[in-house]
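Engineer: Give me a 3D structure for the following:
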Amino acid sequence: MIFVLEVPDQAEPSAWFAFDLGDLLRKIESRAPGLLAAAEEPSAEGASRCRIFWSEAEAMAGFEHAADPLWQGNGWRARLALREQLIATEVLADDL
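Structural biologist: All right, here's what the predicted structure looks like:
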């Protein structure tokens, strides 16, 4: 399973998953039509950061790495979005 964490500049972070590379490409195209075919860099307006974790183990390691600069400051929201996705896919137990 592939996990994607999106951290837009103008909105709340979100996390989602894809079963494989083909599924990932379909989901990217449905979320941002034309993005995969674009030859130019995306504009800074409405920009977002995106992190792809290529496996459950990689997503867990990323989530557990508390010193990651992405998690600092308001980045806790991105970490929470990844945590919620890991729980929803039963990769992480909800022990709270």
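
Engineer: For the worst-scoring helix or strand of the chain on mean pLDDT, list every residue counted as buried.
Structural biologist: Every helix and strand of the chain was ranked by mean pLDDT, DSSP states H and E. The lowest is strand 48-53, at a mean of 86. Neighbour counts over strand 48-53 (16 or more other Cβ atoms under 10 Å) mark 51, 53 as buried. Quick note: C-beta positions are derived from backbone N, CA and C, even for glycine.

Engineer: Check stretch 1-21 too.
Structural biologist: Buried, per 16+ other Cβ under 10 Å, within stretch 1-21: 2-7, 13-18.

Engineer: Likewise for stretch 55-63?
Structural biologist: Result for stretch 55-63 [16+ other Cβ under 10 Å]: buried residues 56, 59-60, 62-63.

Engineer: Strands of this structure, start to end?
Structural biologist: 2-8, 14-18, 48-53 (DSSP state E).

Engineer: Listing partners with orientation, what would you give for the last one?
Structural biologist: I take that to be strand 48-53. strand 2-8 (antiparallel) (DSSP bridges).
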